[in-house]
Structure formats: structure tokens, C-alpha cells
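S.K.: sequence isn't available, so here's the structure alone:
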């Protein structure tokens, strides 16, 4: 991640602190279409590089 951040200094690079973050991101993107409840604020945390 550090190399990616250094290669693209004009772009903010973040990493998720949970496993299966790609699946979590997909579920969050679809959430509003299948669930009427709001997402909790602390579902995922990130680290900036």
C-alpha cells in the first residue's frame, strides 16, 4: 500500500482494516436496495497511507 501511495501522490490511498473488505464494500453498495435499516457508522474502518 505504501508503494501504491508513493506511486500516485496526487491520490489518497486507503486500506480497509477488515478481511473480505471487497465483499463488504459490495454489500454496502447494495444495502439500500434490500434493507430498510441504516448502516452502522462503524461497519468498516480505514487506514490512510
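M.R.: Arrived safely. Being a predicted model, the structure only gives us computed values, none of them experimental.
S.K.: what's the single longest helix in this structure?
M.R.: Scanning the chain for the helix with the most residues, using DSSP state H, yields helix 21-34.
S.K.: okay, the most centrally placed residue in the chain: pLDDT?
M.R.: With distances taken as CA atoms, centre = their mean, residue 16 lies nearest the centre of the chain, 5.4 Å away. For residue 16, the model assigns a pLDDT of 82.
S.K.: now the longest helix of the chain, how far from the centre of its chain.
M.R.: With CA atoms, centre = their mean, to the nearest Å as the basis, helix 21-34 stands 10 Å off its chain's centre.
S.K.: run through who's touching that helix.
M.R.: Helix 21-34 has contacts (CB atoms under 8 Å, 6 or more residues apart in numbering) with 16, 18, 39, 43, 44. For the C-beta atoms, the positions are set from N, CA and C on the backbone; glycine is no exception.
S.K.: give the residue farthest from the middle of the protein.
M.R.: Outermost residue of the chain (CA atoms, centre = their mean): residue 36, 21.1 Å.
S.K.: wait, is that one part of a helix?
M.R.: No - Residue 36 is assigned coil when assessed by DSSP: H, G, I helix; E, B strand; the rest coil, not a helix.
S.K.: any stretches of the chain with poor pLDDT?
M.R.: Within the chain, no stretch has pLDDT under 70.
S.K.: quick revisit: in CSV, list the contacts of helix 21-34 along with distance to residue 2 and secondary structure.
M.R.: CSV is the format used below for the contacts of helix 21-34 (distance: CB to CB, whole Å; DSSP: H, G, I helix; E, B strand; the rest coil):
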residue, distance to residue 2, secondary structure
16, 16, strand
18, 19, coil
39, 29, coil
43, 25, coil
44, 20, coil
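S.K.: among the residues you listed, name the buried ones.
M.R.: Neighbour counting with 16 or more other CB atoms under 10 Å marks none of the contacts of helix 21-34 as buried.
S.K.: look up the closest residue to residue 47, ignoring the ones flanking it.
M.R.: residue 15 (5.2 Å; CB to CB, 6 or more residues apart in numbering).
S.K.: doesn't the one you found lie inside a helix?
M.R.: No - applying three-state DSSP, one finds residue 15 to be strand, outside a helix.
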